[in-house]
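>>> model this:
(one chain, ligands or ions: 1)
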Amino acid sequence: MRKKEQKSGEEPIPKELFDILACPLCKADLEYTNDGKGLVCSGCGEKYPINDGIPVLMPKK
Ligand SMILES: [Zn+2]
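Residues are numbered from 1 along each chain as shown. From the prediction side, this is the model:
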């Protein structure tokens, strides 16, 4: 039986990219939001959306 590769949970961003992501405001690491559809800063709590697998790191003014 062939086993299908499965990713754990929703991870729309490639790991290589996710590893280098940092909050543009405070440079802290980013984490996925609870619903996995966005990113949240572990430092300041700023949230960022993910559009088509590309994180949009534009802080709201
Ligand atoms: Zn931050």
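
>>> Contact distance from the ion - what residues of this protein qualify?
By the rule C-beta under 5 Å from the ion, the part of the chain lying against the ion is 23, 25-26, 28, 41, 43-44, 46. (Glycine included, C-beta is placed from N, CA and C.)

>>> Please determine how far the nearest residue to Lys27 once chain neighbours are set aside is located from Ala28.
Setting aside the residues directly before and after it, Lys27 is nearest to Gly43 in space (C-beta to C-beta, 6 or more residues apart in numbering), at 7.6 Å. Distance of Gly43 to Ala28, given as C-beta to C-beta, to the nearest Å: 3 Å.

>>> cool, Met58 as well?
16 Å.

>>> So for those two, which residue has more residues nearby?
For the pair Met58 and Ala28, the greater number of neighbours falls to Ala28 (14 against 9), based on other C-beta atoms under 10 Å.

>>> quick one, what contacts the most centrally placed residue in the chain?
Taking C-alpha atoms, centre = their mean as the criterion, Leu39 is the residue nearest the geometric centre of the chain, at 4.2 Å. Neighbouring residues of Leu39 by C-beta atoms under 8 Å, 6 or more residues apart in numbering: 21, 30-33, 47-50, 55, 57.

>>> just the residues you listed now: which is nearest Lys15?
Nearest to Lys15 out of these is Leu21 (C-beta to C-beta; 10.5 Å).

>>> The closest one and the ion: what is the separation?
Spatial separation of Leu21 from the ion under the definition C-beta to the ion, to the nearest Å is 11 Å.
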